[in-house]
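Colleague: 3D, please:
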Amino acid sequence: MTTAENSSLDLGTLGVAMVTPFTEDASAVDHDALRVLTEHLLDIGHDLLVVNGTTGESPTTSDEEKLAILRTVKETVGDRAQVMAGIGSNSTAHTAALARATAATGCADSLLVVTPYYNKPSQGGVKAHFRAVAEASDLPILLYDIPGRAGIPITPETAIELSAIPTIRGIKDARGDLHDGSDLMRITKLEIYSGEDALNLPWLSVGASGIISVCSHVTGRLDRMQIDAAHRGDLITAQRIHSSRIPFVNALMNQVPGAVAVKHAMEHFGILPHATVRLPLTPADPQQIARITASSSALAGIVKQFERGDKK
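Modeller: Below is the predicted model of the structure:
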């Protein structure tokens, strides 16, 4: 198990990949709703908020909107949590420009940079891409390894070479290879964050610094308890929390895109006024919404059980 002292990155341990609230017609970002959502995420234990990722519908927001989202979240958070800004694209020049613009706001504590997607560069191209982005600002960078969407992985050899760049400080892992990740933590100073909700506990158990979760919009209190249990070596409690989350993770992540499901859950709890998404995403159907809201309500009861210390 990890200990809290093991983390040198100091980005926090419980991260959330935030959704982006829009106005009901999806024509603009709803900054009032964004402030409410931010306060909710702080209230349930997050110490790292990640904006402008895929869950934040970054493919459908302009660069100007991304910077405005970042400013609103940082103004709301203040010094209560870290704010990480997603800036990745499959254009190196665009990603580097967005890194510079993001750094210039003074509102980001770090950057999340995804592997270039769809155009499938070689590992040499991947390394050159990340080097160029690292040169564009002095902000710490988490690489985002998600071959299921990008079409290519960040190989261990590439990660080891990139770890020599001082601002490249870790990886958000959605590849799920715990062996390779464990080896990287053994031979480099890279921090690993779980980027797959179903694998949070396995990653924590082999030394990951924390998680960056979609489900934690709802499961945040449980996730905080699980991380704390893992850090103090309480595997039994961590396993119980892991098991209790499984039905909810299935309901949230296995029917519709995470951004869609989370917005319906947040609407159900009154955090967001509606669940509007931008095309090409579309709302869930009534049957899917019913499953999302039912599992969300059930999870709220499970949270109360753990807070009471029930041993069921």
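Colleague: longest helix in this protein, please.
Modeller: helix 286-308 (DSSP state H).
Colleague: for that one, buried residues please.
Modeller: 288-289, 291-293, 295-296, 299, 302-303, 306 (16 or more other CB atoms under 10 Å). No exception for glycine: its C-beta is placed from N, CA and C like everyone else's.
Colleague: and for stretch 228-244?
Modeller: So, applying 16+ other CB under 10 Å, buried residues of stretch 228-244: 228-231, 237-238, 240-242, 244.
Colleague: and it, how far apart are its ends?
Modeller: 16 Å (CA to CA, to the nearest Å).
Colleague: run the chain-centre distance for that stretch.
Modeller: Distance of stretch 228-244 from its chain centroid, counting by CA atoms, centre = their mean, to the nearest Å, is 20 Å.
Colleague: show the average pLDDT along the longest helix of the chain.
Modeller: Here helix 286-308 scores 93 as its mean pLDDT.
Colleague: output that helix as CSV - backbone C-alpha positions only.
Modeller: Output of helix 286-308 as CSV, limited to C-alpha atoms (Å, rounded to 0.1, in the frame of the first residue of the first chain):
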residue,chain,number,x,y,z
PRO,A,286,-35.4,6.9,-20.1
GLN,A,287,-34.4,3.3,-19.2
GLN,A,288,-30.7,4.3,-19.0
ILE,A,289,-31.6,7.4,-16.9
ALA,A,290,-33.6,5.2,-14.5
ARG,A,291,-30.7,2.9,-14.0
ILE,A,292,-28.3,5.8,-13.4
THR,A,293,-30.5,7.5,-10.9
ALA,A,294,-31.5,4.3,-9.1
SER,A,295,-27.9,3.3,-8.6
SER,A,296,-26.9,6.9,-7.6
SER,A,297,-29.6,6.9,-4.9
ALA,A,298,-28.5,3.4,-3.7
LEU,A,299,-24.9,4.6,-3.5
ALA,A,300,-25.9,7.5,-1.3
GLY,A,301,-27.2,5.0,1.2
ILE,A,302,-24.0,3.0,1.0
VAL,A,303,-22.0,6.2,1.7
LYS,A,304,-24.0,6.7,4.9
GLN,A,305,-23.3,3.1,6.0
PHE,A,306,-19.5,3.6,5.7
GLU,A,307,-19.7,7.0,7.4
ARG,A,308,-21.4,5.3,10.3
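Colleague: show me the contact partners of it.
Modeller: 218-219, 221-222, 225, 240-241, 244-245, 247-248, 250-252, 255-256, 261, 264-265, 268-269, 283-284, 312 (CB atoms under 8 Å, 6 or more residues apart in numbering).
Colleague: ranges for the helices of this structure?
Modeller: 31-43, 63-77, 92-105, 123-136, 147-150, 156-162, 178-187, 200-205, 216-231, 235-253, 258-268, 286-308.
Colleague: looking at those, which is nearest to residue 115?
Modeller: Closest approach to residue 115 among these (CB to CB): helix 147-150, 4.1 Å.
Colleague: circling back: among the buried residues of stretch 228-244, which has the minimum pLDDT value?
Modeller: residue 231 (91).
Colleague: separation between that one and residue 193?
Modeller: 14 Å (CB to CB, to the nearest Å).
Colleague: now swap in residue 248 and tell me
Modeller: Counting by CB to CB, the gap from residue 248 to residue 193 is 20 Å.
Colleague: again, but for residue 303
Modeller: 23 Å.
Colleague: next one: residue 77
Modeller: 19 Å.
Colleague: what of residue 293?
Modeller: For residue 293 relative to residue 193 (CB to CB), the value is 29 Å.
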